[in-house]
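Chemist: Curious how this folds, go ahead:
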Amino acid sequence: MAARDGRGRSPAGLSGAAGPRPTARGLALLVAAAVLVLAGLTLGRREAIALGLFLTVVVGASAVVLLARTVLARRVRVRRSVIPGAVPQGGSALVTFGPSDVPGLVDAVPGRGPVTVSDPGYRWQAPTRGAYLLGPALARLHGPFGLWSARAQVAGTSRLQVLPVPLEDEELDRVLRAGVGEHDAADLLGSRAAPDDLLVREHRDGDALTRVHWGATARTGRLMVRQEEWAHDPWAVVVLDCRADSFASGRHEVDGGAGHSWHTSPGFERAVQAAAALSLRLQDAGHQVLLMDQDGHPLDPQLASAVLGASPREATWPAALPAEAAAVVVLLGDSAGRDLPVLATVPHHLQRVAVLFGMPGPQDVARRLESGGWLVSEPAR
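Modeler: Residues are numbered from 1 along each chain as shown. This next block holds a predicted model:
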């Protein structure tokens, strides 16, 4: 699907629009005109004065013509089309403009600077996941004889989403089984598991035998029962830790275009890829998936706009859990230890998995989570 824009307002200082300015040639003629007039007045030579005034008139006329062209150019509506409007990381999009008869059309491109637009357009390759802004687009104008130049904005910005590449099935399995165990990982996400595997839990005293889930019991070697209250509307929640101090190693800024930027890091990008793969796997298994950040704010399911932000406090997402939730998978960074009191409040009837992407920390973080009934995965860092 194409993403299109009108003549949106551009950030101050980034539009590049400018009124007529003299070129080097125009400045040279103005200097020559001034010298001739002064010399003519000093030496009493009228022809020198006349020539100087003539050059001044030529330079002034060129400025007037360019000013009229600039006013007309600013009324032109150029439409930018970005096809497709969303690409995977490493992919490319075709950027075209219409009408194409705008002189000297230049487009601002994130990470590359201005690009001269030629027919039929240009291709932009997406280096990093994120939500980018292409533009604004400018028309470079010149007055007669090249004595003056100006720039007029003829198009605003267009949004292009660069989507994360989800982890492959084998890689996702390795991530989840790094400490979780073969049976538990299969119950949570395995393609061979039944669609309602997220709706089971361990047998407790008082549970009726009619609720025993024999398939899960056979796979896990433990007596499992069905949580029938969610059997018709299974929900799984995936929580992505987006705190800057959780993924501080290798953190860097990404130019998003038009004055827009964000921070990310290699560890955070791996967590985003895992979240994307988890969402797809759970949806394929028949579950409704809710993505949220550490504060319980919903995340775009495409995860293009997920960024690292300042949030020095502990997580608060458990308060936002929907009543229909049957399972929760938390992707944590270096702040996992800070969140232990909050994680302890997550209802025990949910199937709970914590994937620790942070740097090696105190060993009791994973141990305390496991003692609280969490399945803990610690993929290689």
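Chemist: ok now do T264, which residues does it touch?
Modeler: 128-130, 247, 251-252, 254, 307-308 (Cβ atoms under 8 Å, 6 or more residues apart in numbering). C-betas here are computed from N, CA, C, even on glycine.
Chemist: Can you pull the phi and psi angles for it?
Modeler: The phi/psi pair for T264 (degrees, to the nearest 10) reads phi -150, psi 180.
Chemist: Same question for S118.
Modeler: The phi/psi pair for S118 (degrees, to the nearest 10) reads phi -120, psi 160.
Chemist: any idea of the pLDDT on it?
Modeler: For S118, the pLDDT comes out at 84.
Chemist: tell me the SS of V328?
Modeler: Look at V328: counting by DSSP: H, G, I helix; E, B strand; the rest coil, its state is strand.
Chemist: Which strand residues bridge the closest residue to it other than its chain neighbours?
Modeler: Spatial nearest neighbour of V328, chain neighbours left out: V237 (4.4 Å); criterion: Cβ to Cβ, 6 or more residues apart in numbering. Taking DSSP bridges, one obtains L290, V328 as the residues bridged to V237.
Chemist: ok, V237 to V353 distance?
Modeler: 11 Å (Cβ to Cβ, to the nearest Å).
Chemist: list the contacts for the most centrally placed residue in the chain?
Modeler: Nearest residue to the geometric centre of the chain (Cα atoms, centre = their mean): G130, 2.0 Å. Neighbour list for G130: 161-162, 254, 256, 262, 264, 304-305, 307 [criterion: Cβ under 8 Å, 6+ apart].
Chemist: of those, buried ones?
Modeler: Neighbour counting with 16 or more other Cβ atoms under 10 Å marks 161-162, 254, 256, 262, 264, 304, 307 as buried within the contacts of G130.
Chemist: Quick check: the two most widely separated of those?
Modeler: Spatial extent of the buried ones among the contacts of G130 (Cβ to Cβ) is set by the pair Q161 and T264 at 14.8 Å.
Chemist: Please flag which of the contacts of G130 sit within strands.
Modeler: 161-162, 254, 256, 262, 264 (DSSP state E).
Chemist: Look up how far P20 lies from the residue of the chain most remote from its centre.
Modeler: Centroid-distance maximum for the chain: G44 at 69.5 Å, with Cα atoms, centre = their mean. From G44 across to P20, the span is 35 Å (Cβ to Cβ).
Chemist: can you check R201 too?
Modeler: For R201 relative to P20 (Cβ to Cβ), the value is 74 Å.
Chemist: so which strand or helix has L66?
Modeler: Element membership of L66 [criterion: DSSP states H and E] is helix 46-74.
Chemist: downstream neighbour of that helix in the secondary structure list?
Modeler: For helix 46-74, the succeeding helix or strand toward the C-terminus, using DSSP H and E, is strand 79-83.
Chemist: Adjacent strands (with direction) for the helix or strand following that next one?
Modeler: Per DSSP H and E, the first helix or strand lying C-terminal to strand 79-83 is strand 86-88. Counting by DSSP bridges, the strands paired with strand 86-88 are strand 158-163 (parallel).
Chemist: Off-centre distance for the strand it pairs with?
Modeler: Strand 158-163 sits 7 Å away from the centroid of its parent chain (Cα atoms, centre = their mean, to the nearest Å).
Chemist: pull the CA atoms of that strand into PDB?
Modeler: Presented in PDB, the C-alpha positions along strand 158-163 are these (Å, rounded to 0.1, in the frame of the first residue of the first chain):
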ATOM      1  CA  SER A 158       5.800  10.900   4.200                       C
ATOM      2  CA  ARG A 159       6.000   8.100   6.800                       C
ATOM      3  CA  LEU A 160       7.600   4.800   6.000                       C
ATOM      4  CA  GLN A 161       7.600   1.900   8.400                       C
ATOM      5  CA  VAL A 162      10.600  -0.500   8.500                       C
ATOM      6  CA  LEU A 163       9.400  -3.700  10.200                       C
END
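Chemist: Helix or strand next in line after that strand, which one?
Modeler: helix 169-176.
Chemist: just checking, what packs against that following helix?
Modeler: If contacts are counted by 3 or more Cβ pairs under 8 Å, 6 or more residues apart in numbering; DSSP states H and E, helix 169-176 sits against helix 182-189, helix 266-284, strand 351-356.
Chemist: now for those, which one comes closest to R69?
Modeler: R69 lies closest to helix 266-284 among those, at 46.4 Å (Cβ to Cβ).
Chemist: elements contacting the closest one?
Modeler: Counting contacts by 3+ Cβ pairs under 8 Å, 6+ apart, helix 266-284 is packed against helix 169-176, helix 182-189, strand 235-240, strand 288-293, strand 325-332.
Chemist: now with 6 Å?
Modeler: If you count contacts as 3 or more Cβ pairs under 6 Å, 6 or more residues apart in numbering; DSSP states H and E, helix 266-284 packs onto strand 235-240, strand 288-293, strand 325-332.
Chemist: Make JSON lines from the ones you listed and add distance to L172 to it.
Modeler: Below are the helices and strands packed on helix 266-284 laid out as JSON lines (distance: least, Cβ to Cβ, whole Å):
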{"stretch": "strand 235-240", "distance to L172": "12"}
{"stretch": "strand 288-293", "distance to L172": "14"}
{"stretch": "strand 325-332", "distance to L172": "11"}
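Chemist: okay if I get those as a markdown table plus distance to V346 and mean neighbour count?
Modeler: A markdown table is the format used below for the helices and strands packed on helix 266-284 (distance: least, Cβ to Cβ, whole Å; neighbours: other Cβ atoms under 10 Å):
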| stretch | distance to V346 | mean neighbour count |
| --- | --- | --- |
| strand 235-240 | 10 | 25 |
| strand 288-293 | 13 | 19 |
| strand 325-332 | 6 | 24 |
